[in-house]
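> Structure for the following, please:
(chains A, B and C)
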Amino acid sequence: MKSDHSAELTAIYERLYAAFGPQHWWPARTRDEMIIGAILTQNTAWTNVARAIDRLRQADCLTLERIDRTPTGRLAELARPSGTYRIKARRLKTFARWLRTEFRGDLDALFSLGLQPARTQLLSVKGIGPETADAILLYAGKLPTFVVDAYTQRVMRRHLLAMPTAGYHQTKQAFEHALRPDHQLYNEYHALLVELGKRYCRQRPRCEDCPLASLPHDADL
DNA sequence: GACCAGGCACATC
DNA sequence: GATGTGCATGGT
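From the prediction side, this is the model:
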């Protein structure tokens, strides 16, 4: 990726915000619920995650402390609507146990390490990759790290702001170089990109009314 | 009945 | 280090 697309990335944000307005993300009532949702949404549409969250709430299993004390098989049963539920149940358990043993179950103890140390810690947990780690840091920790998801990669490539081979880290760096390190800005920008993707980039792109239609783009992406 | 969705771990080359 | 595959449901 060319190193400086600051003007373009700022312009894209302005257009998306003007078109969609504030998104009020993450859709969760508590930090624990946010983290649980982040794990459940891996490679999964949010509508299915919402079902699983409801079931966990009904079963009073929507805190990390409760997850730590609930058998994996029971969690899998509750998380079933979110797909890949056996894996996700294991990841929830792994995370809850890790937080208890390493940070006495205290999220503040994790986040107060600061952005980079906390990120390294999260990435050491099996089941937490770059996107999930960044989502947790940004939305639960209010730390300024940009979350790159599949829609973001697609938008960047489509509008020629990223090489087709640009990876997660490269794309993340481009946004963080272009924008001031402000967790509220990163929060809104990521949410707006997801909304853009959901509306206009699913299946074949439908570019007619897309807020970015007038930007340069590659019609094949 | 495909194809997709707000990834990740692991195997293999 | 890049690429492929399993995980598995519900919506379109």
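
> and the closest residue to A:Leu115 other than its chain neighbours, which of the three is it?
In this structure, A:Leu115 finds its nearest non-sequential neighbour in A:Leu143, 4.7 Å apart by C-beta to C-beta, 6 or more residues apart in numbering. The C-beta positions use only the backbone N, C-alpha and C, and glycine is treated the same way. Following DSSP: H, G, I helix; E, B strand; the rest coil, A:Leu143 is assigned to coil.

> neighbours around A:Leu143, how many?
20 (other C-beta atoms under 10 Å).

> try A:Ser124
Applying other C-beta under 10 Å, I find that A:Ser124 has 11 neighbouring residues.

> How about the contacts made by the residue nearest to A:Leu115?
A:111, A:114-115, A:118, A:137, A:183 (C-beta atoms under 8 Å, 6 or more residues apart in numbering).

> Nearest to DNA strand B among those?
A:Leu137 (11.5 Å; C-beta to the nearest atom of the strand).

> Surely the closest one touches A:Gln116?
No - using C-beta atoms under 8 Å as the test, A:Leu137 is too far from A:Gln116 to be in contact (9.8 Å).

> Which residue of these two possesses the greater neighbour count?
Counted by other C-beta under 10 Å, A:Leu137 and A:Gln116 do not tie: A:Leu137 has more neighbours, with 23 against 11.

> Contacts only, for the more buried one.
By C-beta under 8 Å, 6+ apart, the residues touching A:Leu137 are A:111, A:115, A:118-119, A:122, A:143, A:145.

> can those go into JSON lines with extra columns for secondary structure, pLDDT and distance to DNA strand C?
As requested, those are exported to JSON lines (DSSP: H, G, I helix; E, B strand; the rest coil; pLDDT from 0 to 100; distance: C-beta to the nearest atom of the strand, whole Å):
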{"residue": "A:Phe111", "secondary structure": "helix", "pLDDT": "98", "distance to DNA strand C": "28"}
{"residue": "A:Leu115", "secondary structure": "helix", "pLDDT": "97", "distance to DNA strand C": "24"}
{"residue": "A:Ala118", "secondary structure": "helix", "pLDDT": "97", "distance to DNA strand C": "24"}
{"residue": "A:Arg119", "secondary structure": "helix", "pLDDT": "96", "distance to DNA strand C": "19"}
{"residue": "A:Leu122", "secondary structure": "helix", "pLDDT": "97", "distance to DNA strand C": "19"}
{"residue": "A:Leu143", "secondary structure": "coil", "pLDDT": "98", "distance to DNA strand C": "26"}
{"residue": "A:Thr145", "secondary structure": "coil", "pLDDT": "97", "distance to DNA strand C": "21"}
